[in-house]
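>>> model the structure of this input:
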Amino acid sequence: MSDACWHLLIGGHAVGPLTAAEVRTSLASGSADRATLAHGPGLAGWTPLGGIPELAGASAVGAPPLPPPPPRRAHEIDFEVHGSEMQFVEVTLDSGEAVVAEAGSMMFMTSGIAMETVFGDGSSAAPSGGSKLVGALLGAGKRLLTGESLFMTVFTNAGRGRERVAFAAPYAGKILPMDLAKLGGELVCQKDSFLCAARGVSVGIAFQKRRGVGLFGGEGFVMQRLTGDGLCFVHAGGTIHPVDLAAGETLRVDTGCLVALAPSVSYDIQLVGNVKTALFGGEGVFFASLTGPGKVWLQSLPLSRLADRIVSAASRTGRSEEGSVLDGAGLGRLFTGG
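As a prediction, this is how the structure comes out:
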(Lines give C-alpha, C1' and ligand atoms only; values in the text may rest on other atoms or scores of the structure.)
Protein backbone atom coordinates (compact mmCIF):
# COMPACT_ATOMS: atom_id res chain seq x y z
CA MET A 1 0.00 0.00 0.00
CA SER A 2 1.34 3.42 -0.91
CA ASP A 3 2.25 5.79 1.92
CA ALA A 4 1.37 8.83 -0.23
CA CYS A 5 -1.46 9.94 2.00
CA TRP A 6 -0.81 13.63 2.76
CA HIS A 7 -2.23 16.71 1.07
CA LEU A 8 -0.93 20.28 1.41
CA LEU A 9 -2.90 23.47 0.78
CA ILE A 10 -0.53 25.72 -1.20
CA GLY A 11 -1.67 28.86 -3.03
CA GLY A 12 -5.31 27.96 -2.50
CA HIS A 13 -4.95 24.57 -4.19
CA ALA A 14 -4.66 21.07 -2.69
CA VAL A 15 -1.34 19.42 -3.60
CA GLY A 16 -1.00 15.65 -3.21
CA PRO A 17 -1.16 12.92 -2.33
CA LEU A 18 2.39 13.16 -0.93
CA THR A 19 4.51 10.87 1.19
CA ALA A 20 5.82 11.99 4.56
CA ALA A 21 9.29 12.28 3.04
CA GLU A 22 7.97 14.53 0.27
CA VAL A 23 6.27 16.74 2.86
CA ARG A 24 9.55 17.08 4.77
CA THR A 25 11.30 17.91 1.50
CA SER A 26 8.76 20.68 0.86
CA LEU A 27 9.45 22.07 4.32
CA ALA A 28 13.20 22.00 3.74
CA SER A 29 12.98 23.64 0.31
CA GLY A 30 10.74 26.45 1.54
CA SER A 31 7.78 25.63 -0.71
CA ALA A 32 5.87 24.91 2.51
CA ASP A 33 6.30 26.10 6.10
CA ARG A 34 4.92 25.32 9.54
CA ALA A 35 1.84 27.46 8.83
CA THR A 36 0.96 25.53 5.64
CA LEU A 37 -2.28 23.58 6.06
CA ALA A 38 -2.11 19.81 5.68
CA HIS A 39 -4.56 16.92 5.75
CA GLY A 40 -3.79 13.29 6.34
CA PRO A 41 -4.39 10.23 8.52
CA GLY A 42 -6.07 10.87 11.85
CA LEU A 43 -6.90 14.53 11.09
CA ALA A 44 -10.50 15.72 11.02
CA GLY A 45 -9.70 18.74 8.85
CA TRP A 46 -6.92 20.95 7.54
CA THR A 47 -4.20 21.42 10.19
CA PRO A 48 -1.00 23.55 10.15
CA LEU A 49 2.13 21.45 9.64
CA GLY A 50 3.58 22.88 12.83
CA GLY A 51 0.81 21.17 14.80
CA ILE A 52 1.43 17.66 13.37
CA PRO A 53 4.04 15.80 15.46
CA GLU A 54 4.63 13.08 12.89
CA LEU A 55 4.56 13.00 9.11
CA ALA A 56 4.62 9.22 8.45
CA GLY A 57 2.56 6.04 8.49
CA ALA A 58 -1.11 5.20 7.96
CA SER A 59 -3.10 4.60 4.85
CA ALA A 60 -4.03 7.00 2.15
CA VAL A 61 -6.76 9.46 2.99
CA GLY A 62 -8.40 11.66 0.41
CA ALA A 63 -8.25 15.39 0.96
CA PRO A 64 -11.58 16.99 1.84
CA PRO A 65 -13.01 19.45 -0.67
CA LEU A 66 -11.86 23.03 -0.32
CA PRO A 67 -14.41 25.40 1.19
CA PRO A 68 -16.11 27.44 -1.55
CA PRO A 69 -15.28 31.15 -1.67
CA PRO A 70 -17.95 33.38 -0.17
CA PRO A 71 -20.38 34.69 -2.79
CA ARG A 72 -20.08 38.32 -3.80
CA ARG A 73 -22.72 40.62 -2.41
CA ALA A 74 -22.28 43.16 -5.20
CA HIS A 75 -23.41 42.43 -8.74
CA GLU A 76 -20.70 41.08 -11.03
CA ILE A 77 -20.48 43.26 -14.13
CA ASP A 78 -18.41 43.35 -17.31
CA PHE A 79 -16.93 46.59 -18.58
CA GLU A 80 -14.71 48.24 -21.18
CA VAL A 81 -13.07 51.66 -20.95
CA HIS A 82 -13.03 53.58 -24.24
CA GLY A 83 -10.95 56.58 -25.28
CA SER A 84 -7.62 58.00 -24.20
CA GLU A 85 -7.98 61.54 -22.84
CA MET A 86 -11.78 61.95 -22.73
CA GLN A 87 -12.78 58.49 -21.57
CA PHE A 88 -16.04 56.71 -20.93
CA VAL A 89 -16.76 53.28 -19.47
CA GLU A 90 -19.23 50.90 -21.11
CA VAL A 91 -20.81 48.42 -18.67
CA THR A 92 -22.46 45.20 -19.86
CA LEU A 93 -25.18 43.81 -17.60
CA ASP A 94 -26.76 40.37 -17.50
CA SER A 95 -30.46 40.07 -16.77
CA GLY A 96 -31.25 41.49 -13.33
CA GLU A 97 -27.83 43.07 -12.80
CA ALA A 98 -27.57 46.76 -11.98
CA VAL A 99 -25.06 49.56 -11.71
CA VAL A 100 -25.31 52.80 -9.71
CA ALA A 101 -23.92 56.12 -10.89
CA GLU A 102 -23.81 59.79 -10.08
CA ALA A 103 -26.75 61.75 -11.45
CA GLY A 104 -25.98 63.15 -14.89
CA SER A 105 -23.05 60.87 -15.76
CA MET A 106 -24.93 58.53 -18.15
CA MET A 107 -23.77 58.71 -21.78
CA PHE A 108 -26.02 56.14 -23.50
CA MET A 109 -27.95 52.95 -22.73
CA THR A 110 -29.66 50.24 -24.73
CA SER A 111 -33.41 49.73 -24.79
CA GLY A 112 -33.49 46.98 -22.14
CA ILE A 113 -32.03 49.18 -19.39
CA ALA A 114 -34.45 50.52 -16.76
CA MET A 115 -33.40 53.73 -15.01
CA GLU A 116 -34.50 54.65 -11.48
CA THR A 117 -33.51 57.48 -9.15
CA VAL A 118 -32.98 56.46 -5.51
CA PHE A 119 -32.07 58.04 -2.18
CA GLY A 120 -28.53 57.54 -1.01
CA ASP A 121 -26.04 55.25 -2.71
CA GLY A 122 -28.47 52.62 -4.03
CA SER A 123 -26.38 49.82 -2.50
CA SER A 124 -29.50 47.90 -1.42
CA ALA A 125 -32.98 47.29 -2.76
CA ALA A 126 -35.62 49.97 -2.74
CA PRO A 127 -36.93 50.68 0.78
CA SER A 128 -40.12 48.84 1.65
CA GLY A 129 -40.11 49.07 5.44
CA GLY A 130 -39.23 51.40 8.28
CA SER A 131 -35.67 50.14 8.78
CA LYS A 132 -34.88 50.23 5.06
CA LEU A 133 -36.29 53.73 4.82
CA VAL A 134 -34.08 54.89 7.68
CA GLY A 135 -31.09 53.26 5.98
CA ALA A 136 -31.87 55.06 2.74
CA LEU A 137 -32.16 58.40 4.56
CA LEU A 138 -28.85 57.81 6.32
CA GLY A 139 -27.21 57.00 2.99
CA ALA A 140 -28.61 60.21 1.51
CA GLY A 141 -27.33 62.16 4.52
CA LYS A 142 -23.84 60.76 4.04
CA ARG A 143 -23.84 61.89 0.43
CA LEU A 144 -25.02 65.35 1.48
CA LEU A 145 -22.05 65.64 3.86
CA THR A 146 -19.63 64.85 1.03
CA GLY A 147 -21.13 67.63 -1.10
CA GLU A 148 -22.85 65.27 -3.53
CA SER A 149 -26.50 65.10 -4.58
CA LEU A 150 -29.02 63.37 -2.32
CA PHE A 151 -29.91 61.07 -5.20
CA MET A 152 -28.16 58.48 -7.31
CA THR A 153 -29.38 56.66 -10.39
CA VAL A 154 -29.68 52.88 -10.65
CA PHE A 155 -29.49 51.31 -14.12
CA THR A 156 -30.94 47.78 -14.18
CA ASN A 157 -31.10 45.25 -16.99
CA ALA A 158 -34.85 44.57 -17.09
CA GLY A 159 -34.65 42.37 -20.17
CA ARG A 160 -33.59 38.78 -20.78
CA GLY A 161 -30.45 39.34 -22.83
CA ARG A 162 -27.30 41.30 -22.15
CA GLU A 163 -27.69 45.08 -22.18
CA ARG A 164 -25.21 47.97 -22.12
CA VAL A 165 -24.99 51.35 -20.42
CA ALA A 166 -22.12 53.84 -20.61
CA PHE A 167 -20.91 56.61 -18.31
CA ALA A 168 -18.70 59.50 -19.38
CA ALA A 169 -15.95 61.26 -17.46
CA PRO A 170 -16.86 64.86 -16.55
CA TYR A 171 -13.54 66.30 -17.77
CA ALA A 172 -10.26 65.25 -19.38
CA GLY A 173 -8.51 62.49 -17.50
CA LYS A 174 -8.55 58.77 -16.84
CA ILE A 175 -11.14 56.30 -15.54
CA LEU A 176 -9.65 53.74 -13.17
CA PRO A 177 -11.54 50.48 -12.47
CA MET A 178 -11.18 49.34 -8.85
CA ASP A 179 -12.08 45.82 -7.69
CA LEU A 180 -12.84 46.29 -3.99
CA ALA A 181 -12.65 42.52 -3.41
CA LYS A 182 -8.92 42.73 -4.25
CA LEU A 183 -8.39 45.89 -2.19
CA GLY A 184 -9.59 44.54 1.13
CA GLY A 185 -13.19 45.66 0.61
CA GLU A 186 -12.60 49.37 1.18
CA LEU A 187 -11.22 52.44 -0.59
CA VAL A 188 -11.03 56.09 0.48
CA CYS A 189 -11.18 58.64 -2.35
CA GLN A 190 -11.69 62.35 -2.90
CA LYS A 191 -15.25 63.62 -2.94
CA ASP A 192 -15.77 64.13 -6.67
CA SER A 193 -13.79 61.17 -8.05
CA PHE A 194 -16.51 58.48 -7.86
CA LEU A 195 -18.18 57.81 -11.22
CA CYS A 196 -20.17 54.55 -10.95
CA ALA A 197 -20.12 51.10 -9.34
CA ALA A 198 -21.80 47.72 -9.36
CA ARG A 199 -24.92 47.70 -7.23
CA GLY A 200 -24.03 46.53 -3.76
CA VAL A 201 -21.08 48.89 -3.32
CA SER A 202 -21.77 51.36 -0.52
CA VAL A 203 -20.74 55.01 -0.92
CA GLY A 204 -20.20 56.46 2.54
CA ILE A 205 -18.04 59.06 4.28
CA ALA A 206 -14.56 58.93 5.78
CA PHE A 207 -13.78 61.54 8.42
CA GLN A 208 -10.20 62.72 8.68
CA LYS A 209 -9.32 62.72 12.38
CA ARG A 210 -6.47 65.21 12.21
CA ARG A 211 -7.57 68.83 12.44
CA GLY A 212 -4.86 70.05 10.07
CA VAL A 213 -6.14 67.79 7.31
CA GLY A 214 -9.62 69.27 7.62
CA LEU A 215 -8.43 72.89 7.58
CA PHE A 216 -5.70 72.73 4.94
CA GLY A 217 -5.91 69.35 3.23
CA GLY A 218 -7.83 70.46 0.18
CA GLU A 219 -10.42 67.70 0.72
CA GLY A 220 -11.62 68.81 4.17
CA PHE A 221 -12.54 66.49 7.01
CA VAL A 222 -14.83 64.40 4.83
CA MET A 223 -13.79 62.11 1.98
CA GLN A 224 -15.75 59.33 0.29
CA ARG A 225 -15.46 55.75 1.53
CA LEU A 226 -16.34 52.98 -0.94
CA THR A 227 -17.01 49.62 0.71
CA GLY A 228 -18.10 46.26 -0.64
CA ASP A 229 -16.76 43.51 -2.88
CA GLY A 230 -17.71 44.78 -6.34
CA LEU A 231 -16.26 46.90 -9.11
CA CYS A 232 -16.24 50.68 -8.85
CA PHE A 233 -14.90 53.30 -11.22
CA VAL A 234 -12.92 56.36 -10.14
CA HIS A 235 -12.14 59.35 -12.34
CA ALA A 236 -9.21 61.75 -12.05
CA GLY A 237 -7.63 64.52 -14.11
CA GLY A 238 -4.61 63.96 -16.31
CA THR A 239 -2.75 60.72 -15.72
CA ILE A 240 -3.33 58.42 -12.73
CA HIS A 241 -0.17 57.21 -11.02
CA PRO A 242 -0.40 54.39 -8.41
CA VAL A 243 2.25 54.22 -5.67
CA ASP A 244 2.83 51.30 -3.28
CA LEU A 245 4.12 52.55 0.07
CA ALA A 246 6.04 50.27 2.38
CA ALA A 247 5.48 50.35 6.14
CA GLY A 248 6.80 53.66 7.45
CA GLU A 249 7.52 55.05 3.97
CA THR A 250 6.30 58.64 3.52
CA LEU A 251 5.33 60.42 0.31
CA ARG A 252 4.64 64.16 0.14
CA VAL A 253 2.27 65.29 -2.62
CA ASP A 254 0.30 68.35 -3.59
CA THR A 255 -2.97 68.33 -1.67
CA GLY A 256 -5.04 68.42 -4.86
CA CYS A 257 -3.19 65.55 -6.55
CA LEU A 258 -4.45 62.87 -4.18
CA VAL A 259 -7.17 60.72 -5.77
CA ALA A 260 -7.55 57.68 -3.53
CA LEU A 261 -5.77 55.74 -0.82
CA ALA A 262 -6.03 52.46 1.02
CA PRO A 263 -7.49 52.79 4.54
CA SER A 264 -4.16 51.59 5.99
CA VAL A 265 -2.38 54.73 4.70
CA SER A 266 -1.99 57.58 7.20
CA TYR A 267 -2.93 61.02 5.77
CA ASP A 268 -1.60 64.21 7.36
CA ILE A 269 -0.65 67.79 6.42
CA GLN A 270 2.88 69.17 6.45
CA LEU A 271 4.27 72.69 5.94
CA VAL A 272 6.15 73.19 2.67
CA GLY A 273 9.19 74.74 4.35
CA ASN A 274 10.27 78.18 5.44
CA VAL A 275 8.18 81.32 4.98
CA LYS A 276 9.96 82.40 1.79
CA THR A 277 9.36 79.05 0.11
CA ALA A 278 5.74 78.98 1.23
CA LEU A 279 4.96 82.51 0.01
CA PHE A 280 6.99 82.68 -3.20
CA GLY A 281 7.63 79.07 -4.19
CA GLY A 282 4.35 78.71 -6.07
CA GLU A 283 3.65 75.26 -4.59
CA GLY A 284 1.27 76.37 -1.88
CA VAL A 285 1.78 76.39 1.87
CA PHE A 286 1.05 72.73 2.70
CA PHE A 287 1.85 69.26 1.42
CA ALA A 288 -0.19 66.11 1.93
CA SER A 289 1.98 63.64 3.84
CA LEU A 290 1.07 59.99 3.10
CA THR A 291 2.65 57.26 5.24
CA GLY A 292 2.43 53.55 4.44
CA PRO A 293 1.83 50.72 4.40
CA GLY A 294 -0.68 50.76 1.58
CA LYS A 295 -1.39 51.98 -1.91
CA VAL A 296 -2.22 55.51 -3.04
CA TRP A 297 -3.37 56.84 -6.41
CA LEU A 298 -2.28 60.29 -7.62
CA GLN A 299 -3.51 62.51 -10.47
CA SER A 300 -1.29 64.76 -12.56
CA LEU A 301 -3.89 67.45 -13.32
CA PRO A 302 -6.40 68.28 -10.57
CA LEU A 303 -9.57 69.97 -11.75
CA SER A 304 -8.85 72.99 -9.53
CA ARG A 305 -5.48 73.53 -11.24
CA LEU A 306 -7.06 73.26 -14.69
CA ALA A 307 -9.83 75.66 -13.70
CA ASP A 308 -7.31 78.21 -12.40
CA ARG A 309 -5.48 78.20 -15.72
CA ILE A 310 -8.71 78.60 -17.68
CA VAL A 311 -9.87 81.50 -15.49
CA SER A 312 -6.45 83.14 -15.76
CA ALA A 313 -6.50 82.89 -19.55
CA ALA A 314 -10.11 84.07 -19.79
CA SER A 315 -9.38 87.16 -17.69
CA ARG A 316 -7.12 88.51 -20.41
CA THR A 317 -9.20 90.69 -22.71
CA GLY A 318 -8.50 91.41 -26.34
CA ARG A 319 -5.83 89.92 -28.54
CA SER A 320 -2.50 89.01 -27.02
CA GLU A 321 0.81 88.26 -28.66
CA GLU A 322 1.53 84.89 -27.10
CA GLY A 323 5.16 84.27 -26.31
CA SER A 324 6.25 87.89 -26.78
CA VAL A 325 8.10 89.94 -24.21
CA LEU A 326 5.49 92.69 -24.45
CA ASP A 327 2.69 90.28 -23.63
CA GLY A 328 4.55 88.87 -20.67
CA ALA A 329 5.02 92.37 -19.30
CA GLY A 330 1.42 93.31 -20.00
CA LEU A 331 2.51 96.02 -22.48
CA GLY A 332 1.32 94.38 -25.69
CA ARG A 333 -2.22 95.63 -25.16
CA LEU A 334 -0.99 99.24 -25.11
CA PHE A 335 0.03 98.97 -28.77
CA THR A 336 -2.65 96.57 -30.04
CA GLY A 337 -5.55 98.35 -28.36
CA GLY A 338 -6.54 95.09 -26.51
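>>> count of residues packed around Gly16?
With neighbours defined by other CB atoms under 10 Å, the count for Gly16 comes to 21. Placement of C-beta: from N, CA and C, glycine included.
>>> spatially nearest residue to it (excluding sequence neighbours)?
His7 (3.5 Å; CB to CB, 6 or more residues apart in numbering).
>>> doesn't that neighbour belong to a strand?
Yes: assessed with DSSP: H, G, I helix; E, B strand; the rest coil, His7 lies in a strand.
>>> identify the bridge partners of it.
Under DSSP bridges, the beta-bridge partners of His7 are His39.
>>> go on, Asp244?
Asp244 has these beta-bridge partners by DSSP bridges: Lys295.
>>> show me where the stretch 201-338 of the chain has strands.
Remark: strands assigned in the stretch 201-338 of the chain by DSSP state E, counting those that start in this stretch are 202-207, 222-227, 231-237, 240-245, 250-254, 258-261, 266-271, 286-291, 294-299.
>>> average pLDDT across the shortest one?
Per-residue confidence for strand 258-261 averages out to 91 on the pLDDT scale.
>>> who touches it?
For strand 258-261, the external contacting residues (CB atoms under 8 Å, 6 or more residues apart in numbering) are 176, 178, 187-190, 193, 218-219, 234, 236, 240, 267, 288, 290, 294-299.
>>> can you spell out the domain ranges of the chain, please?
Here the domain assignment for the chain is 1-68, 78-299, 303-336, based on automatic domain parsing.
>>> worst mean pLDDT among these?
Among those, domain 303-336 scores lowest, at a mean of 60.
>>> distance to Thr47 and mean neighbour count for the strands of the stretch 201-338 of the chain - can I get that in JSON lines?
Compiled in JSON lines, the strands of the stretch 201-338 of the chain are given as follows (distance: least, CB to CB, whole Å; neighbours: other CB atoms under 10 Å):
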{"stretch": "strand 202-207", "distance to Thr47": "37", "mean neighbour count": "19"}
{"stretch": "strand 222-227", "distance to Thr47": "34", "mean neighbour count": "21"}
{"stretch": "strand 231-237", "distance to Thr47": "36", "mean neighbour count": "25"}
{"stretch": "strand 240-245", "distance to Thr47": "34", "mean neighbour count": "15"}
{"stretch": "strand 250-254", "distance to Thr47": "41", "mean neighbour count": "14"}
{"stretch": "strand 258-261", "distance to Thr47": "38", "mean neighbour count": "25"}
{"stretch": "strand 266-271", "distance to Thr47": "38", "mean neighbour count": "16"}
{"stretch": "strand 286-291", "distance to Thr47": "38", "mean neighbour count": "20"}
{"stretch": "strand 294-299", "distance to Thr47": "33", "mean neighbour count": "22"}
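>>> between these, which gets nearest to Pro170?
Across those, Pro170 has its closest neighbour in strand 231-237 (6.9 Å, CB to CB).
>>> the strands of the stretch 201-338 of the chain: which one's closest to Ser31?
strand 240-245 (25.8 Å).
>>> residue ranges of the helices in this structure, please?
Here the chain has its helices, by DSSP state H, at 20-29, 130-145, 211-216, 275-280, 303-314, 325-329, 332-336.
>>> what packs against the first one?
Spelled out, that is helix 20-29. strand 6-10 (3 or more CB pairs under 8 Å, 6 or more residues apart in numbering; DSSP states H and E).
>>> buried residues in the strand it packs on?
By 16 or more other CB atoms under 10 Å, the buried positions in strand 6-10 come out as 6-9.
>>> could those go into JSON lines alongside distance to Gly40?
Converted to JSON lines, those look like this (distance: CB to CB, whole Å):
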{"residue": "Trp6", "distance to Gly40": "4"}
{"residue": "His7", "distance to Gly40": "7"}
{"residue": "Leu8", "distance to Gly40": "9"}
{"residue": "Leu9", "distance to Gly40": "12"}
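>>> what's the closest of those to Gly161?
The closest of those to Gly161 turns out to be Leu9 (CB to CB; 40.3 Å).
>>> correct me if wrong: the closest one contacts Ala32.
No: with contact defined as CB atoms under 8 Å, Leu9 does not reach Ala32; the gap is 9.4 Å.
>>> identify the residues contacting the closest residue to Pro48 other than its chain neighbours.
If the residues on either side of it in the chain are set aside, Pro48 comes closest to Ala35, at 5.4 Å by CB to CB, 6+ apart. Residues near Ala35 by CB under 8 Å, 6+ apart: 48-50.
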